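Asker: Here is the input, now give the coordinates:
(2 chains)
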There are 2 protein chains.
Amino acid sequence: MKRMPASAVAGVLAVALASVASAAELKPEDQIQYRQAGYSFMAWNMGKIKANLQGDFDQGQVEAAANAIAAIANSGMGALYGPGTDKDVGDVETAVKPEFFENMEEVGKVARNFIAAANNMAEVAAGGDQAAAQDAFGKLGQSCKSCHDKFRADD
Amino acid sequence: MKRMPASAVAGVLAVALASVASAAELKPEDQIQYRQAGYSFMAWNMGKIKANLQGDFDQGQVEAAANAIAAIANSGMGALYGPGTDKDVGDVETAVKPEFFENMEEVGKVARNFIAAANNMAEVAAGGDQAAAQDAFGKLGQSCKSCHDKFRADD
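Answerer: Numbers count the residues shown, from 1 in each chain, chains lettered A, B, ... in the order given. As a prediction, this is how the structure comes out:
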């Protein structure tokens, strides 16, 4: 696939952001805090799945945790990376690297991989097979890590 | 229904908390931050639904937002109100009133109402009827408010 010129990438991003009715109304610092809330809540649920895989496997708890992660992944968090959210705003700090905003094609790719892995985790969790859940959890963790490695400063 | 004696209520709560494998491993300050992350992320999604109801109605966005709220509501957040989370921990502040921990029967009732309203919102959003979504959103907002009025100090 040919790389899109930067102007086209910016255009795609602008359209994606404009599709979220509330994006224009949110201050950059609020966007940063909401996206961090999403990642934090997903981290809690990742921890629950991990604990279930390492200890007693409670299918209902794994399914609920996977559903939360998948629904957050599908909620359109791209809208929380609007203009002005590429750096700290007052005492609201962000760990996102500047490279994130300069590589929208790569960001789109890791985001789609993450959403696919989250949806797979939810589907597998509903099935209740622990070995399959372990595999899906490993893939989901990898999709988190691939973005952290590329675009998170403190990782 | 007869009121349960306090000791029985405590027992029910202990069982509910013990069912979450990771609860015992989480520090009180982490529990507070994770629960606040969940409420914050739900607030962002409530804002998106509200913006859609007041402006152009994008069914896909409303459905995604409603799914995020419902999945978070069903994720077992009760486990994030463990011992030591009834007051500020260091610089991690909580707005929960002490009454919350003294009225577990009432807490269970408002929690069940909230989960039912969140599930209803997700179901209605999937249907795509804007008037029905407006009604479901009003009921969901009321279920949030009823808990805030009773148990949140800064509201």
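Asker: list the contacts for residue A:110?
Answerer: When contacts are counted by Cβ atoms under 8 Å, 6 or more residues apart in numbering or on different chains, residue A:110 is found next to A:143, A:146-147, A:150-151. Every C-beta, even on glycine, is put in place using the N, C-alpha and C of the backbone.
Asker: Say whether chain B is contacted by the lengthiest helix in chain A.
Answerer: For chain A, the longest helix by residue count, based on DSSP state H, is helix A:28-54. Yes. Part of helix A:28-54 sits near chain B under the criterion Cβ under 8 Å from any Cβ of the partner chain, namely A:33-34, A:36-38, A:40-41, A:43-45, A:47-48, A:50-52.
Asker: In that helix, which residues are buried?
Answerer: A:28-42, A:44-53 (16 or more other Cβ atoms under 10 Å in any protein chain shown).
Asker: rewinding a little: just the buried subset of the contacts of residue A:110, please.
Answerer: A:143, A:147, A:151.
Asker: can you redo these as CSV with secondary structure?
Answerer: Formatted as CSV, the buried ones among the contacts of residue A:110 follow (DSSP: H, G, I helix; E, B strand; the rest coil):
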residue, secondary structure
A:143, helix
A:147, helix
A:151, helix
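Asker: Does the residue of chain A positioned farthest from its centre belong to a helix, a strand or coil?
Answerer: In chain A, residue A:56 marks the outermost C-alpha relative to the chain mean, sitting 27.4 Å out by Cα atoms, centre = their mean. Under three-state DSSP, residue A:56 falls in the coil class.
Asker: Give me the distance between it and chain B.
Answerer: 7 Å (Cβ to the nearest Cβ, to the nearest Å).
Asker: Over to residue A:93?
Answerer: From residue A:93 to chain B the distance is 15 Å (Cβ to the nearest Cβ).
Asker: Name the residues of the helix or strand harbouring residue A:145 that come out as buried.
Answerer: Using DSSP states H and E, residue A:145 sits in helix A:130-151. Buried residues in helix A:130-151, defined by neighbour count with 16+ other Cβ under 10 Å: A:133-134, A:136-137, A:139-140, A:143-144, A:147, A:151.
Asker: Next, the angle helix A:28-54 makes with it.
Answerer: 150 degrees (axes from the mean of the first three to the mean of the last three Cα atoms, to 10 degrees).
Asker: Quickly check: the next helix or strand after the longest helix of chain A near chain B or not.
Answerer: With elements assigned by DSSP H and E, the helix or strand that comes after helix A:28-54 is helix A:59-73. Yes. Against chain B, helix A:59-73 shows contacts by Cβ under 8 Å from any Cβ at A:61, A:64-65, A:67-68, A:70-72.
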